[in-house]
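Peer 1: Curious how this folds, go ahead:
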Amino acid sequence: MTPKSRLAGAPISWGVNEVPGWGHQMNAGRVLGEAASLGLSAIEAGPEGFLPSDPAEASRILSDHGLTLVGGFVPVVLHSVDAREGELASVEQQAGLFSAIGADMLIVAASTGREGYEETVELDEDSWEELFESLVSVEEICARHGLTIAVHPHFGTVIERRHHLERFLEGREAGLCLDTGHLMVGGTIR
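Peer 2: So this is what the prediction gives:
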């Protein structure tokens, strides 16, 4: 494996994200073309709808640009028993798509359940336990699809600040996708 073959990007680097009305959403052709022109060999899936939902079509578009799919970012509510069924169905659908396209990673952000990332939520102990239980189900889904899971402490989620990350690490062993920008904005590092 060469250093170049290990470089991947994400559509968010071009401003493409899942929050409606948040910035200019560039089309996939432009983003993938520019990613390839930078020498990237792989890219994240971007928000739902960025790549076609048909795995063969998504694979073709990626291949046309000389890219593979490394995985995808999935914001999901893990701390609410009322939201569990629908959120796990979303994870199942996205894990199936990522796997069918050839990815090997699913990045989970523990969403607050609110649109956007302007606020965080402080969880009580019952909600933390629900989050951990839901995460076990997410891990099982990913295992069925041959995907590795990593939890992404992310600004505006329930794992944003230092004490959130510490509580998460106390309660669950899981892979982490540590983004120094989010950790800094959330106050975890300076």
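Peer 1: drop to CA atoms for contacts and neighbour counts, all remaining ones
Peer 2: Will do.
Peer 1: Contacts for the lengthiest strand in the chain next, please.
Peer 2: With secondary structure taken from DSSP state E, the chain has its longest strand at strand 68-76. Residues outside strand 68-76 that contact it (CA atoms under 8 Å, 6 or more residues apart in numbering) are 8, 41-47, 59, 62, 87, 91, 94, 98, 101-111, 113.
Peer 1: ok, and for it, which residues are buried?
Peer 2: Within strand 68-76, the residues scored as buried using 16 or more other CA atoms under 10 Å are 68, 69, 70, 71, 72, 73, 74, 75, 76.
Peer 1: before we move on, what about stretch 120-135?
Peer 2: 120, 128, 129, 130, 131, 132, 133, 134, 135.
Peer 1: And those, which is closest to residue 171?
Peer 2: Set against residue 171, the nearest of the buried residues of stretch 120-135 by CA to CA is residue 132 (7.2 Å).
Peer 1: Give the helix, strand or coil label for the closest one.
Peer 2: Using DSSP: H, G, I helix; E, B strand; the rest coil, the structure places residue 132 in helix.
Peer 1: Now do it against residue 170, distance only.
Peer 2: Using CA to CA, to the nearest Å, residue 132 is found at 11 Å from residue 170.
Peer 1: Could you dump the buried residues of stretch 120-135 into a markdown table and include pLDDT and distance to residue 154?
Peer 2: Below are the buried residues of stretch 120-135 laid out as a markdown table (pLDDT from 0 to 100; distance: CA to CA, whole Å):
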| residue | pLDDT | distance to residue 154 |
| --- | --- | --- |
| 120 | 77 | 10 |
| 128 | 93 | 16 |
| 129 | 95 | 19 |
| 130 | 96 | 19 |
| 131 | 95 | 15 |
| 132 | 95 | 17 |
| 133 | 95 | 20 |
| 134 | 95 | 18 |
| 135 | 95 | 16 |
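Peer 1: any idea how far stretch 115-132 is from the chain center?
Peer 2: Relative to the chain's own centre, stretch 115-132 is displaced by 17 Å; criterion: CA atoms, centre = their mean, to the nearest Å.
Peer 1: hmm, who's touching that stretch?
Peer 2: By CA under 8 Å, 6+ apart, stretch 115-132 touches 19, 78-81, 112, 155-158, 160, 171-172.
Peer 1: show me where the protein has helices.
Peer 2: Secondary structure of the chain (DSSP state H): helices at 28-37, 55-64, 84-101, 125-144, 162-171, 180-185.
Peer 1: how much space between the nearest residue to residue 29 once chain neighbours are set aside and residue 33?
Peer 2: Spatial nearest neighbour of residue 29, excluding adjacent residues (CA to CA, 6 or more residues apart in numbering): residue 61 at 7.9 Å. Plainly put, residue 61 is 10 Å away from residue 33 if you go by CA to CA.
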